[in-house]
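Q: What would the 3D arrangement of this be:
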Amino acid sequence: MDYERLTAEMRRLALEAGDKIMEIYDADNFDVKVKSDESPVTTADEAADALISAGLRAAFPDTPLVTEEQAASHLQSAATFLIVDPLDGTKEFIHRRGDFTVNIAYVENGAPTRGVVYAPARNRMFLTLADGTSVEETGDFDKARIGPTRAIKTSEPDNTALMVVASKSHRDQPTDDYIGQYAVKDMTSAGSSLKFCLIATGEADLYPRLGRTMEWDTAAGHAVLNGAGGRVVRFDDHAPLSYGKPGFENPFFIAHSPGVALKPAP
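A: Numbers count the residues shown, from 1 in each chain. Alright, predicted model coming up:
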């Protein structure tokens with residue numbers, strides 16, 4: 001894979017999808033439908049998916065593509081592939097809370113190695129560069145070229161005073177019970193894949209997820225976190241979270257900066 005080209009294409013498509021999403025977000029109203037798994041989908045999800053999928057297939061025709069909004073793509077079996085969640089945080093989008101993201105990632109041999117997470121309503125862009133390191137772009141987001149960036153790196157956590165990030169839409173008692181095993185200084189909440197990015201920037205130390213997620217929900221954020229020195233492991237045995245699993249469904253997991261002393265699953 002030509003990583004320079006991959007980064008440029010993923011970034012450009014994420015920005016273009018973000019423009020499309022914000023057009024719909026800023027409209028007076030938009031259509032919301034319910035999928036077969038009872039999750040919501042909007043015209044913004046569908047428009048962003050069509051744009052990104054067409055762009056990736058044109059640029060990388062020989063690389064399998066998995067995307068949330070195309071059920072047929074979930075039947076594939078591959079260890080190296082592109083994977084897309086065109087609008088992660090649909091509930092945040094519907095309720096106009098802003099914490100939604102465009103996510104595009106490249107998985108190699110079961111590990112997400114390159115990714116882009118773009119939060120258009122927050123004007124935040126996180127991406128892995130061609131060398132695999134992660135940055136936050138801070139500019140006017142010119143689609144033709146990467147603007148000013150700052151390197152990002154996970155925290156050196158104090159295990160007696162951890163910063164924990166948790167989901168806005170999926171908090172439950174088992175999650176709170178697990179977090180209760182740690183010495184927590186403070187907690188913050190964030191929607192969508194921004195939780196991975198908060199750990200990647202050192203704004204948080206730990207994100208446990210005891211709930212159903214799919215690989216397209218996590219791959220881009222996981223890649224960004226990897227490139228900043230962080231880790232994502234299975235909740236049950238703390239083995240690295242792998243990709244290309246049957247149906248592209250994840251087990252429970254923990255995202256963390258490497259200095260966190262992980263507690264065992266109950």
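Q: Check what pLDDT residue 20 gets.
A: What the model reports as pLDDT for residue 20 is 94.
Q: which non-adjacent residue is nearest it?
A: Closest residue in space to residue 20, ignoring its immediate chain neighbours: residue 47 at 4.9 Å, by C-beta to C-beta, 6 or more residues apart in numbering. To be clear about C-beta, it is placed using only N, CA and C from the backbone, and glycine gets the same treatment.
Q: surely the one you found meets residue 19?
A: No: the pair residue 47 / residue 19 is not scored as a contact, 10.2 Å apart, by C-beta atoms under 8 Å.
Q: Please say which of the two ends up with more neighbours.
A: For residue 47 and residue 19, the more surrounded residue by other C-beta atoms under 10 Å is residue 47, and the numbers stand at 17 against 13.
Q: where does the more buried one land in three-state SS?
A: Put simply, residue 47 is helix when judged by DSSP: H, G, I helix; E, B strand; the rest coil.
Q: And residue 5, by the same measure?
A: Here residue 5 is recorded as helix under three-state DSSP.
Q: quick one: contacts for it?
A: residue 59 (C-beta atoms under 8 Å, 6 or more residues apart in numbering).
Q: From residue 139, how far off is it?
A: Distance, residue 5 to residue 139, by C-beta to C-beta, to the nearest Å: 20 Å.
Q: go on, residue 30?
A: Separation of residue 30 from residue 139 (C-beta to C-beta) stands at 29 Å.
Q: the strands in the stretch 51-200 of the chain, which residues?
A: Ranges of strands in the stretch 51-200 of the chain, per DSSP state E, counting those that start in this stretch, are 65-67, 81-88, 101-108, 111-119, 124-128, 134-137, 149-151, 162-167, 184-190.
Q: Check the offset of the first one from the chain's centre.
A: Its chain's C-alpha centre lies 14 Å from the corresponding centre of strand 65-67 when counted by C-alpha atoms, centre = their mean, to the nearest Å.
Q: Neighbours of residue 144, how many?
A: Around residue 144 there are 7 residues (other C-beta under 10 Å).
Q: What does the pLDDT read for it?
A: Predicted confidence (pLDDT) for residue 144: 95.
Q: Let me see the contact set for the residue nearest to it when sequence neighbours are not counted.
A: Nearest non-adjacent residue to residue 144, counting by C-beta to C-beta, 6+ apart: residue 12, 7.6 Å away. Going by C-beta under 8 Å, 6+ apart, residue 12 touches 55, 143-144.
Q: do the same with residue 9
A: 55-56, 59-60.
Q: mind running it again at 6 Å?
A: Shown in contact with residue 9 (C-beta atoms under 6 Å, 6 or more residues apart in numbering): residue 59.
Q: I'd like the distance between it and residue 222.
A: According to C-beta to C-beta, residue 9 stands 19 Å off from residue 222.
Q: in the stretch 51-200 of the chain, which segments are predicted with low confidence?
A: 168-170 (pLDDT under 70).
Q: CA-only coordinates of stretch 56-65, as CSV, when you get a sec.
A: What follows is stretch 56-65, C-alpha atoms only, in CSV (Å, rounded to 0.1, in the frame of the first residue of the first chain):
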residue,chain,number,x,y,z
LEU,A,56,-12.2,4.5,-2.0
ARG,A,57,-13.3,2.0,-4.6
ALA,A,58,-12.0,4.3,-7.3
ALA,A,59,-8.6,4.8,-5.6
PHE,A,60,-8.1,1.3,-4.3
PRO,A,61,-10.1,-1.1,-6.5
ASP,A,62,-8.2,-4.2,-5.4
THR,A,63,-8.6,-3.6,-1.6
PRO,A,64,-11.8,-5.1,0.0
LEU,A,65,-14.1,-2.4,1.5
